[in-house]
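Novice: Got a sequence here, can you model it:
(chains A and B, ligands or ions: 1)
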Amino acid sequence: MTPAEFYQRDRRLQPPALTPDYKTSVARSPRLSLISLENTASEITGPTFGHGDIDPIDNDLIKNHARTGDPIGERIIVHGRVLDENARPVPNTLVEIWQANAGGRYRHKKDSYLAPIDPNFGGCGRTLTDGTGYYFFRTVKPGAYPWRNWINNWRPAHIHVSVFGTAFCQRLITQLYFEGDPLIAQCPIVHTIPDPDAIQQLIARLDMNASVPLDCLAYKFDIVLRGRRSTLFENRLEGN
Amino acid sequence: MRQTLDYLRETASQTAGPYVHIGLAPGAAGFDIYREELGRDIAGPNARGQRIRVEGLVIDGMGSPVKDVLIEVWQANADGIYPTPDGGAVEDGFRGWGRVITDFETGEWSFETVKPGAVAGRHPTVSSVARRVRDTHPDWMGRTDEAAARMAPHLNFWLVARGINIGLNTRMYFPDEAEANAADPVLNLIEWEKRRATLIATRGEDKAGLPVYRFEIRLQGDDETVFFDI
Ligand SMILES: [Fe+2]
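Specialist: Have a look, this model is predicted:
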């Protein structure tokens, strides 16, 4: 069956390209308008992944780079569902994450922050959603870290999240923040998003019911990708 | 009762940041963690068609190469068919998708794949009611639907980097497809003809005779590349 088209992206709740408070965007933002393209086969199809592509340990950041023991830090579960704008689950889709360690340091050859590398923490994970769109990771809570923008900018604790969906036009990278973090309100990157509710949607909630007593806390983070229209291409029945 | 619409709202995008490689290409970040990194082989060993190399730079508004960009590529096979979740009609091992990172020193990126074929274009969306009205309208009587124009061979690109708040979508077309490009419905959507040229690569050859297509992506300034809201 020919896949259906997608609802147009609501650009009012997405960050614009040019956001001068986030200085790096100034020289890296297109100045001309995007050309709006009605969906073609190139946008409504997309890559798919299977369990042969990844290993079961890939979603456990506490164990997937452990050398001499577990990493330092507050042990947490991050879990939720990948849904579309129609509130339907997106099953079998690849979710990838990366983050700093508990001290706010990334395992990256370009990161020179003075907090140390944790020998037992890599900082990346990946998983496929199950049939109900559910995913989970186990990790340690990342630390805040300073970055060069204004003289004294600090990123709130965050996990970078990459999701595919079923179509190239659903491709999304975002960041997960943690409920209660006072640095969220001060962050120029968070505030590239013009819509306050859209910012709230990036803040994972403490989820005591999903925590493991005497072991780890949990945070819930649902991800919403663009939804498909129900009016299909010509020659298809309407309403699916 | 107040009527409500029960749609959810798309999660907002945030920049991939400077350390995107940790998550999506950890080898480039400087460590080895996964059995296999994804997106390294776009076409696979069984792909039909012309093997090619594609290379270029992403250039910022100051004219400097963007050295921390990550590009994802999505393409049809040589027959113009995209892979589908069940594998579909493409060759075994053809993924059509790749992940490309730059040399951290120079910003140069490149990848090998096969040249895609022309892809069936968009069919007009016409509801059954609108269609009935149209088919009985005097201005339409006797006419038939023209076949959807085929899209010229192209690669779909999605760019993320520090300083890019939401991934940028563009397309690369081939300079040796002048006739197909002239009829391409997407290129023709671009009002300014000189901007269409920003989507067309240049062609060379390497020492072994492999076609090499070079594609510079300019984020802003003169000759800013066309980016799409898809
Ligand atoms: Fe970060």
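
Novice: Might you list the low-confidence residue ranges for chain B?
Specialist: Across chain B, the ranges flagged by pLDDT under 70 are B:87, B:123-131, B:135, B:139-148.

Novice: contacting residues for residue B:111?
Specialist: B:42, B:53, B:54, B:55, B:73, B:98, B:100 (CB atoms under 8 Å, 6 or more residues apart in numbering or on different chains). C-beta here means a position set from N, CA and C on the backbone, and glycine is covered the same way.

Novice: now swap in residue A:166 and tell me
Specialist: Taking CB under 8 Å, 6+ apart, we find residue A:166 in contact with A:3, A:46, A:48, A:90, A:93, B:85.

Novice: Nearest spatial neighbour of the fourth one, chain-adjacent residues omitted?
Specialist: Okay, so that is residue A:90. In space, and not counting its chain neighbours, residue A:90 is closest to residue A:82: 4.3 Å by CB to CB, 6 or more residues apart in numbering or on different chains.

Novice: Could you do the first one as well?
Specialist: Leaving out its chain neighbours, the residue that sits closest to residue A:3 by CB to CB, 6+ apart is residue A:44, at 4.7 Å.

Novice: Just the pLDDT at that neighbour, thanks.
Specialist: pLDDT for residue A:44: 95.

Novice: Against residue B:88, how distant is it?
Specialist: Counting by CB to CB, to the nearest Å, the gap from residue A:44 to residue B:88 is 14 Å.

Novice: who does the spatially most central residue of chain A bridge with?
Specialist: By CA atoms, centre = their mean, chain A has its centre lying nearest to residue A:161, at 2.2 Å. Counting by DSSP bridges, residue A:161 is bridged to residue A:97, residue A:174.

Novice: which residues touch it?
Specialist: With contact set as CB under 8 Å, 6+ apart, residue A:161 has these partners: A:95, A:96, A:97, A:173, A:174, A:175, A:176, A:221, A:223.

Novice: mind checking the backbone torsions on the nearest residue to residue B:59 once chain neighbours are set aside?
Specialist: Of all residues not flanking residue B:59 in the chain, residue B:218 sits nearest, at 5.0 Å (CB to CB, 6+ apart). When read as degrees, to the nearest 10, the backbone of residue B:218 gives phi -110, psi 120.

Novice: ok, which stretches of chain B are helices?
Specialist: For chain B, applying DSSP state H gives helices covering B:20-24, B:26-29, B:128-135, B:178-182, B:193-196.

Novice: is the first one anywhere near chain A?
Specialist: Yes: Helix B:20-24 is in contact with chain A by CB under 8 Å from any CB of the partner chain, via B:20, B:21, B:22, B:23, B:24.

Novice: ok, now stretch B:64-74?
Specialist: Yes: for stretch B:64-74 and chain A, the contact criterion (CB under 8 Å from any CB) is met by B:64, B:66, B:68, B:72, B:74.

Novice: which one of those residues sits closest to chain A?
Specialist: residue B:74 (4.6 Å; CB to the nearest CB).

Novice: count of neighbours near that closest one?
Specialist: 27 (other CB atoms under 10 Å in any protein chain shown).

Novice: Of the helices of chain B, which stretch is the most buried?
Specialist: helix B:20-24 (a mean of 25; mean count of other CB atoms under 10 Å in any protein chain shown).

Novice: What is it packed up against?
Specialist: The contact analysis (3 or more CB pairs under 8 Å, 6 or more residues apart in numbering or on different chains; DSSP states H and E) places helix B:20-24 against strand A:94-99, strand A:124-128, strand A:158-163, helix B:26-29, strand B:70-74.
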